[in-house]
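Asker: Task: produce atomic coordinates for the following.
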Amino acid sequence: MQPKKYILPIIVLAQFCCTSLWFAGNSIITDLIINFNLKASVLGHLTSAIQLGFILGTLVFAILTLADKYSPSKVFFLSALLAALFNLAMSLGNQSFYSLILIRFLVGFFLAGIYPVGMKIASDYFKEGLGKSLGFLVGALVLGTAFPHLLKSFNGLISWKAIIYFTSLIALLGGLLILIFVPNGPYKKTLKQFDITVFYKVFKIKNFRTAALGYFGHMWELYTFWAFVPMILLSYSNSYIDINLNIPVLSFIIIGLGGIACVISGYLSQIFGVKKLATTSLALSCICCLLTPFVFIVQSELFFIAFMIFWGMVVIADSPLFSTLVAQNVASESKGTALTIVNSIGFAITIISIQLLNTLLFFFEIKYLLPILAIGPILGLFAMYNKVKSL
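Answerer: Sure thing, here's the model as predicted:
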């Protein structure tokens, strides 16, 4: 059964709108530090808070099998509504470090009903060419993640509170689009009864397990790279007197172009195969991690920006491919739970990676720490090598 042509664009637009909440706090971090008298290290803590919320949320969603037992469109809408309201709370009153941590945690918790559930909705509509469809979907996540940085580039024209208002509003819009225009897909199979064992039974499937391990290696690098992109750019800019980078705009470009890379990788996977393309992308991002200290030595603004853009593209290009491998190696009635639990573990790994770098920054410059991010891709490549069937 061929889905209506507007279904995928609406899912993609809704995903973009809702995931703009993810780094809304990061994009206005300077304003939060100034207005609420916070320490500079709050960046790592706020990022980890939203990641921790997402982890707990995905764990709860997976154990309760919400996306498989109930209408995923309704789960998506309710999650978008609650995430938008908690994001809005960041602009209210005189926030403290702890209240901001709690707010970002709750936003992350309900993002668990948006990102993996959005992929579940797509998999219910698109059986053939799922890699291409998820490429668009993860691309929307990337653009949504980068979008607050673009808003922040209009510093002086748009206040930090306006960024909060706007991201909350479009997140609500995204939820409504799914609720109104995207009913249950033709390939959806409802889990007939509550089964708490589904969330760990999927790991007994060999191809699922190895695809998940590849994804975990990818996640060690991805969100830490995204979280510290502004700091990497600032560090390079401070290293040379005659270089002055526009950090908000470049952060948006570096992260945002990864969305295009996801779409491209989705199309190329139909030619070269999902496994081969995923491992190639993971290997390239691994090389970027290892080369970073040497790239800092080169005093060329153009070269450095080109390197960061390339890294920003290959670091995410494999994400929809790993999600495709995960979705295609479990039963249809378990896809939502499988995607959610893999997300949960993957994002737990990001907290370790982010906090490790955040702690080591007290002792070393960031350019010497970035090779640590290669640990994940190396282990992921080892897990993926010759173990997942070509798709």
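
Asker: can you pull out the helices in the stretch 251-391 of the chain?
Answerer: 274-297, 301-317, 319-328, 335-360, 366-369, 375-384 (DSSP state H, counting those that start in this stretch).

Asker: what does the second one contact?
Answerer: Residues from elsewhere that reach helix 301-317 (CB atoms under 8 Å, 6 or more residues apart in numbering): 138, 142, 221-222, 225, 229, 232-233, 236, 243, 245, 250, 253-255, 257-262, 264-265, 277, 281, 284-285, 288, 291, 295-296, 298. Bear in mind the C-beta positions are built from the backbone N, C-alpha and C, glycine included.

Asker: Would you mind listing the buried residues in stretch 107-114?
Answerer: Across stretch 107-114, burial judged by 16 or more other CB atoms under 10 Å covers 107-114.

Asker: Now, the residues you listed that are in helices?
Answerer: Cross-referencing the buried residues of stretch 107-114 against helices under DSSP state H gives 107-111.

Asker: Tell me the one of those nearest Leu78?
Answerer: Phe110 (8.2 Å; CB to CB).

Asker: Which pLDDT does the model give that closest one?
Answerer: For Phe110, the pLDDT comes out at 95.

Asker: Do I have it right that it meets Asn87?
Answerer: No: judged on CB atoms under 8 Å, Phe110 makes no contact with Asn87 at a distance of 9.4 Å.

Asker: hey, which helix or strand in this protein has the poorest pLDDT?
Answerer: Counting by mean pLDDT, DSSP states H and E, the chain has its least confident helix or strand at helix 198-201, which shows a mean of 64.

Asker: could you point out which element follows that helix?
Answerer: Tracing the chain past helix 198-201, the next element assigned as helix or strand by DSSP states H and E is helix 206-239.

Asker: buried stuff in that following helix?
Answerer: Residues of helix 206-239 classed as buried by neighbour count (16+ other CB under 10 Å): 207-233, 236-237.

Asker: buried residues in stretch 247-265?
Answerer: Buried residues in stretch 247-265, counted by 16+ other CB under 10 Å: 247-248, 250-263, 265.

Asker: And for stretch 268-284?
Answerer: Buried residues in stretch 268-284, counted by 16+ other CB under 10 Å: 268-269, 273-275, 277-284.

Asker: cool, and stretch 82-96?
Answerer: In stretch 82-96, counting by 16+ other CB under 10 Å, buried: 82-84, 86-91, 95.

Asker: What of stretch 17-30?
Answerer: Result for stretch 17-30 [16+ other CB under 10 Å]: buried residues 17-29.

Asker: Any stretches of the stretch 1-150 of the chain with poor pLDDT?
Answerer: Applying pLDDT under 70 to the stretch 1-150 of the chain flags residues 1-3, 127-130.

Asker: Helices of that one, residue ranges please.
Answerer: Using DSSP H, counting those that start in this stretch, the helices of the stretch 1-150 of the chain run over 7-19, 24-27, 29-35, 42-63, 66-69, 72-88, 97-111, 115-125, 130-152.

Asker: how about the ones you listed in TSV, adding distance to Asn184?
Answerer: Converted to TSV, the helices of the stretch 1-150 of the chain look like this (distance: least, CB to CB, whole Å):
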stretch	distance to Asn184
helix 7-19	12
helix 24-27	30
helix 29-35	39
helix 42-63	17
helix 66-69	11
helix 72-88	7
helix 97-111	21
helix 115-125	7
helix 130-152	16
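
Asker: Ok, which of the ones you listed comes nearest Val326?
Answerer: helix 115-125 (9.0 Å).

Asker: chain center to that closest one: distance?
Answerer: 15 Å (CA atoms, centre = their mean, to the nearest Å).

Asker: by how many degrees do it and helix 97-111 diverge?
Answerer: Angle of helix 115-125 versus helix 97-111, following axes from the mean of the first three to the mean of the last three CA atoms, to 10 degrees, is 10 degrees.

Asker: elements contacting helix 115-125?
Answerer: Secondary-structure packing of helix 115-125 (3 or more CB pairs under 8 Å, 6 or more residues apart in numbering; DSSP states H and E): helix 7-19, helix 42-63, helix 66-69, helix 72-88, helix 130-152, helix 319-328, helix 335-360.

Asker: want to try CSV for those helices, with distance to Ala171 as columns?
Answerer: Below are the helices and strands packed on helix 115-125 laid out as CSV (distance: least, CB to CB, whole Å):
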stretch, distance to Ala171
helix 7-19, 5
helix 42-63, 14
helix 66-69, 18
helix 72-88, 4
helix 130-152, 9
helix 319-328, 21
helix 335-360, 18
